[in-house]
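Asks: Output the structure for:
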Amino acid sequence: MAEMRHVVGPVIDYMARDYESLLKAMRDLIPQKLPEWRDHANEADFGNVLLELFAHMGDILSYYQDRVAHESFLGTARTRRSVIQHLRLIGYELGTAAPATAILRLSVPDTVKDTVVINRGDAFATKSEKNRPSVRYEYAREQELKIDFKNVKAEGGQRTAEIRVDEGRLIRDEVLGAASATSAPNQRFALAHPRLILRPLGPSQVGQRDVILLTQLGDKVDPPWTRRETLAFSKADRDFVVEIDADDRATVVFGDGKFGAIPPPEARITATYRVGGGQLGNVPAGAIQTLVAAPQLAQLGTTVTNPSPATGGAEREGIENAVQHAPAVFHSQHRAVTAADYEALARKVKGVAKVRAVATGWNQVTLFVAPEGIFVEPEPAKGKVSDVLEADLKSFFEDKRMLNQIVEIEDVDYVAIYVTAEIEVESFYVRDDVVSRVQQTAARLLKFADVKFNQPIYLSKFYDESQSVPGVVSVNITEFRRGDRPDPMVDPLGKIELGANEVPVIPAHKDYSAGMHVIVKSQGRL
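Replies: Numbers count the residues shown, from 1 in each chain. Predicted coordinates:
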């Protein structure tokens, strides 16, 4: 009978993937593989140089292996490019930055009785300051606006009219290139300017189209093409899609003749679009005072101002938000039936920070919406949904809701949470640094991006977070209440209840605006 032998090989540590571990593993193999190499402890030995190079290369390869593994799944991907590619598989595009909107008041002398035409692209701006460049606002609708000052009532020696302007810049008739002479499918043309502004697609575009795409062959200019979210249902229609990459650069994509038409061979392709967006456009009242590109108004001696703050400006959609909400949007199949469907789809509309959907009638759904940009207790104008955002939401749901469904938009109720803490600080810590860190912990508990509707606020959380700050000896919270209820100063149950449509926010009061009012009771023991 043959004798079976059990051969024991070297033990391999598969977790040894960094530079130090790989180098140690290779040096441990020297006595077995190269017993004649006896001076391997000498760092100047050429063999050690080779081992260090191999360990360095192995460390780099391990890093890229991990990156490839992580980027292969939506839940673990970390780069914006990977997330974009994953989400396109389920028909979800990351939202671009949204422009702020302002109501602009135009004032002319009461002797002016002319009719003025406001055209798309007429521009206004804030004043440039030392560390803050001017912000440009434009009349963005395609339809011209006529103002007959003769019919405007004169008051105080002035005639005033109001128009709506959006932050951003209009790019007119940019030549993207010429279509392929061979009618190649899936032709792509990049827009020259980054940060394209795209509003949610709906049956109506609120009086404006985000991208006006024209093809011209000789003297013949074809009607504008239509932007779609996907070409999957376009057949051979004159449709196109816009893809946004990780650097906010846009590319126009045409179809293949079966799913979306191919542009005419050698036709010149031009695009008109707007760029901009972001929170920089949320300027305070009275900030917009400059006529930039509206000569017909300048000739009349027009002065401009915004009587209320500009609102609605929001940064591009973050990958964390998309990863969290995209599966719910996919689950809804872009059809709004349940309250969860309405909430998931509403989050796709840029400018929506929080939303709660409620069936308020047999055929009515009410969306309670908090716009983006709320960090502390908002001013009345900033906390409300703008007319533009409301119109965007209703337009967005027009072809997604059930036929007999009515969609209404309402504002949420913001509840300021007042917290005051007396703390004792260790003598060898810098007092102001400790106070700042305590306030930061409280601000994290009330961070607008993380709080929810109907979320209870617990006193114990503020004690736990404050006492864990280095340098804090003791904490005594003397105020813990809702801003609309002055008594009692500290809730006896240690729990602040919020209503279904209420969201907690940090008070705007200067003593509480950092998240918590902190009083240093004493410097503490030595």
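
Asks: and Ser395, what helix or strand is that in?
Replies: Under the criterion of DSSP states H and E, Ser395 resides in helix 387-397.

Asks: and what of Glu93?
Replies: Per DSSP H and E, there is no helix or strand for Glu93.

Asks: And Ala25, by the same measure?
Replies: In this structure, Ala25 is located in helix 19-28 according to DSSP H and E.

Asks: on that earlier part again, could you give the angle of the helix or strand following the helix holding Ser395 to helix 387-397?
Replies: Later in the chain than helix 387-397, the nearest helix or strand by DSSP H and E is strand 406-411. Angle of strand 406-411 versus helix 387-397, following axes from the mean of the first three to the mean of the last three Cα atoms, to 10 degrees, is 150 degrees.

Asks: Does strand 406-411 pack against any helices or strands, and if so which?
Replies: strand 364-371, helix 387-397 (3 or more Cβ pairs under 8 Å, 6 or more residues apart in numbering; DSSP states H and E). C-beta coordinates here come from the backbone N, C-alpha and C atoms, glycine included.

Asks: Please parse this structure into its domains.
Replies: Domain ranges of the chain: 19-71, 101-168+278-305, 169-275, 319-411, 414-522, per automatic domain parsing.

Asks: helix or strand right after the top helix by length along the chain?
Replies: Secondary structure of the chain per DSSP state H: the longest helix is helix 46-71. Using DSSP H and E, the helix or strand that follows helix 46-71 in sequence is helix 80-88.

Asks: Of the domains of the chain, which is nearest Leu94?
Replies: For the domains of the chain, proximity to Leu94 was assessed by Cβ to Cβ; domain 319-411 is nearest, at 5.5 Å.

Asks: ok, back up a step: could I get the domains of the chain as JSON lines with mean neighbour count, mean pLDDT and distance to Ile84?
Replies: Below are these laid out as JSON lines (neighbours: other Cβ atoms under 10 Å; pLDDT from 0 to 100; distance: least, Cβ to Cβ, whole Å):
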{"stretch": "domain 19-71", "mean neighbour count": "13", "mean pLDDT": "88", "distance to Ile84": "11"}
{"stretch": "domain 101-168+278-305", "mean neighbour count": "17", "mean pLDDT": "93", "distance to Ile84": "19"}
{"stretch": "domain 169-275", "mean neighbour count": "17", "mean pLDDT": "90", "distance to Ile84": "6"}
{"stretch": "domain 319-411", "mean neighbour count": "18", "mean pLDDT": "87", "distance to Ile84": "8"}
{"stretch": "domain 414-522", "mean neighbour count": "16", "mean pLDDT": "91", "distance to Ile84": "21"}
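
Asks: Out of those, which gets nearest to Leu87?
Replies: domain 319-411 (5.4 Å).

Asks: I'd like to know how far the closest residue to Asp256 other than its chain neighbours sits from Ala271.
Replies: Ranked by Cβ to Cβ, 6 or more residues apart in numbering and with sequence neighbours excluded, the top spatial neighbour of Asp256 is Pro185, at 3.3 Å. Distance from Pro185 to Ala271, counting by Cβ to Cβ, to the nearest Å: 20 Å.

Asks: Check which helices and strands the helix holding Ala25 is in contact with.
Replies: helix 46-71.

Asks: and stretch 425-436, how far out from the chain's middle?
Replies: Stretch 425-436 sits 36 Å away from the centroid of its parent chain (Cα atoms, centre = their mean, to the nearest Å).

Asks: Surely Glu343 is in a helix?
Replies: Yes: assigned with DSSP: H, G, I helix; E, B strand; the rest coil, Glu343 falls within a helix.

Asks: Now do the lengthiest strand in the chain: which elements does it pack against?
Replies: Criterion DSSP state E: the longest strand present in the chain is strand 413-425. For strand 413-425, the elements it packs on are helix 431-445, helix 459-467, strand 472-482, strand 502-505, strand 517-522, judged by 3+ Cβ pairs under 8 Å, 6+ apart.

Asks: got these as TSV, with distance to Lys150 columns?
Replies: Formatted as TSV, those follow (distance: least, Cβ to Cβ, whole Å):
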stretch	distance to Lys150
helix 431-445	54
helix 459-467	61
strand 472-482	52
strand 502-505	46
strand 517-522	56
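
Asks: Export only the CA atoms of stretch 323-335, formatted as PDB.
Replies: Below are the C-alpha coordinates for stretch 323-335, written out as PDB (Å, rounded to 0.1, in the frame of the first residue of the first chain):
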ATOM      1  CA  VAL A 323     -26.300  56.500  -4.100                       C
ATOM      2  CA  GLN A 324     -28.800  56.800  -1.400                       C
ATOM      3  CA  HIS A 325     -31.800  57.900  -3.500                       C
ATOM      4  CA  ALA A 326     -31.200  56.400  -6.900                       C
ATOM      5  CA  PRO A 327     -32.500  52.900  -6.000                       C
ATOM      6  CA  ALA A 328     -35.800  54.400  -4.900                       C
ATOM      7  CA  VAL A 329     -36.100  56.300  -8.200                       C
ATOM      8  CA  PHE A 330     -35.400  53.100 -10.100                       C
ATOM      9  CA  HIS A 331     -38.000  51.200  -8.000                       C
ATOM     10  CA  SER A 332     -40.600  53.800  -8.900                       C
ATOM     11  CA  GLN A 333     -40.000  53.200 -12.600                       C
ATOM     12  CA  HIS A 334     -40.400  57.000 -13.100                       C
ATOM     13  CA  ARG A 335     -44.100  56.700 -12.300                       C
END
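
Asks: Other residues contacting that stretch?
Replies: 74-75, 77, 83, 87, 90-92, 340-341, 343-345, 347-348, 400 (Cβ atoms under 8 Å, 6 or more residues apart in numbering).
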